[in-house]
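A.B. asks: quick one: sequence plus predicted model below, questions after.
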Amino acid sequence: MEHSISDIDAMVREEKRLTAVESHNEAWAEGLSAGIEPEIIAEAALETAFHEMLRTHGETAALALLDHMREKVVGGAFDPHRLRH
């Protein structure tokens, strides 16, 4: 089975995303085990993410990410009762 360049790029991007999620999950668990409240960990993670987006891609990209994440929240993407594949 042959894959197009866009298919390969998508697979690489997904692998990077999964690696990032794993790293963030580990950091989250370390913070919790250090006694840091989830709200503080979440705020720090978001501040870091938006600081980096602003620094590397500018305000438009940071606001686009914020809009995208808001849509995901409203759409139930983070609902703990939602089934994931």
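C.D. replies: In hand now; what should we look at?
A.B. asks: quick check: longest helix in the chain by residues?
C.D. replies: With DSSP state H setting the assignment, residue counts place helix 5-33 as the longest helix in the chain.
A.B. asks: show the subsequent helix or strand relative to that helix.
C.D. replies: Downstream of helix 5-33, the first helix or strand assigned by DSSP states H and E is helix 38-57.
A.B. asks: so how far is that next one off the chain centroid?
C.D. replies: 10 Å (C-alpha atoms, centre = their mean, to the nearest Å).
A.B. asks: going forward, count from 851.
C.D. replies: Understood, numbering begins at 851; the last thing we discussed is helix 888-907.
A.B. asks: re the thing from before, for the longest helix of the chain, buried residues please.
C.D. replies: Residues of helix 855-883 classed as buried by neighbour count (16 or more other C-beta atoms under 10 Å): residue 881. Every C-beta, even on glycine, is put in place using the N, C-alpha and C of the backbone.
A.B. asks: what about the closest residue to residue 878 other than its chain neighbours, how many residues nearby?
C.D. replies: Among residues not flanking residue 878 along the chain, residue 891 sits closest, at 5.8 Å (C-beta to C-beta, 6 or more residues apart in numbering). As a burial measure, residue 891 scores 18 neighbours (other C-beta atoms under 10 Å).
A.B. asks: what does the model give residue 934 for pLDDT?
C.D. replies: pLDDT, residue 934: 57.
A.B. asks: actually residue 931, sorry about that
C.D. replies: The model reports residue 931 with a pLDDT of 84.
A.B. asks: now it: which helix or strand?
C.D. replies: For residue 931, there is no host helix or strand (DSSP H and E).
A.B. asks: can you give the domain ranges for this structure?
C.D. replies: The chain breaks down by automatic domain parsing into domains covering 851-886, 887-935.
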